[in-house]
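starting from these lines, generate the structure:
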Amino acid sequence: MLNKVVIYGVGLIGGSFARALKKAGAAQHIVGMDRSQDALQRALALGIIDEVGGELPAVLSGADLVLLAAPVAQTERILASILPHLGPDTIITDAGSTKSDVAAAARRALGGSVAQFVPGHPIAGRETNGPDAAIDDLYQGKKAVLTPLPENPAAAVERVTAAWRACGAIIHTLTPEEHDKVFAAVSHLPHLLAYALVDDVARKPHADLLFQYAASGFRDFTRIAGSSPEMWRDISLANQAALLTELDAYLAQLTQIRASLAAGDGAVLEATYANAQRARRQWIEAIEAAETPQPQDLAE
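Residues are numbered from 1 along each chain as shown. All right, here's what the predicted structure looks like:
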């Protein structure tokens, strides 16, 4: 049981964290902090938080856990504001989609108190934002990746682990560098592509006609382009090096596909499509296998 939790950012990620903790009976009192007073008042009205935060000394007094669910570019500023009021028993974590820059920001902002900051990233989301998008099962059965720092004591990591497990998440551990390389390929690049495609279509002179006939394939492929532009701007810039590497590799793949298309080489196109289909099927099968209860699980 966490007596007091402070959440910076009461939208989808932070609000869902609060709802999940409340549903699990894992937090007695949740305080919300946000740049938007409208968002805070809405979160309070919805019962996501118990209190709108005010002066930092009072907000942080007696806090067991602080979650930063704000855009990653705000991390250093928020941590610097917290430091003068940070009690020795308070643990801070975050939900940012990049980790190397967050770890560096934490060291700059917190200095000798960086041991109290355990970086994290829940792998869950929706295409909607704000307190109204928050749900209590967003993290159920989803991965939460922690990237502990060498300075973190085991007890600090365990507190963050226990909080995410109370939300229903499955805990994984990576280094910050491993995390950023992995998610540049499977999360950050797909968002960039979805935004680019929708922006390209929207800028065409006959965009209205194109959108009129866009159906489920276009909708499914571009779903993530409904995410927060501010957040994904920050993520793209924060993970610039790894994202550029993946983007260059993807551009090379597109160049090869274009050459095959221009040459009318159906065999190469089909082989590329078949390899992609096979890889996706194997990925889906692995996910389904991991989600299927085993006999020993059912017995328990």
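
longest helix anywhere in this structure?
helix 266-291 (DSSP state H).

and the average pLDDT for that one is what?
Helix 266-291 shows a mean pLDDT of 93.

how many other residues sit next to Pro88?
Residue crowding around Pro88 was assessed by other Cβ atoms under 10 Å; the count is 6. (C-beta placed from N, C-alpha, C; glycine too.)

start the count at 8 instead of 1 going forward.
With 8 as the first residue, the last one maps to Pro95.

find the nearest non-adjacent residue to it, please.
Gln123 (7.9 Å; Cβ to Cβ, 6 or more residues apart in numbering).

surely that neighbour and Thr97 touch.
Yes: using Cβ atoms under 8 Å, Gln123 makes contact with Thr97 at a distance of 6.4 Å.

list of residues touching stretch 216-228?
Ala201, Leu204, Val208, Ala209, Lys211 (Cβ atoms under 8 Å, 6 or more residues apart in numbering).

just those: which are in helices?
Ala201, Leu204, Val208, Ala209.

which of these are buried? Put it as a PyMOL command.
To isolate the buried ones among the ones in helices among the contacts of stretch 216-228 in PyMOL, judged by 16 or more other Cβ atoms under 10 Å, type:
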select buried, resi 201
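
of all the ones in helices among the contacts of stretch 216-228, which two lie farthest apart?
Maximum pairwise distance among the ones in helices among the contacts of stretch 216-228 (Cβ to Cβ): 12.4 Å, between Ala201 and Ala209.

quick one: the helices in the chain, in order.
Going by DSSP H, the chain shows helices at 19-31, 44-52, 63-67, 82-89, 107-117, 161-173, 183-190, 196-210, 214-220, 223-229, 236-245, 247-269, 273-298, 302-306.

elements contacting the fourth one?
Looking back up the chat, that one is helix 82-89. Contacts defined by 3 or more Cβ pairs under 8 Å, 6 or more residues apart in numbering; DSSP states H and E place helix 82-89 against helix 63-67, strand 72-75, strand 98-101, helix 107-117.

let me have the ones you listed in TSV, adding mean pLDDT and mean neighbour count as columns.
Formatted as TSV, these follow (pLDDT from 0 to 100; neighbours: other Cβ atoms under 10 Å):
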stretch	mean pLDDT	mean neighbour count
helix 63-67	97	16
strand 72-75	98	26
strand 98-101	98	26
helix 107-117	97	20
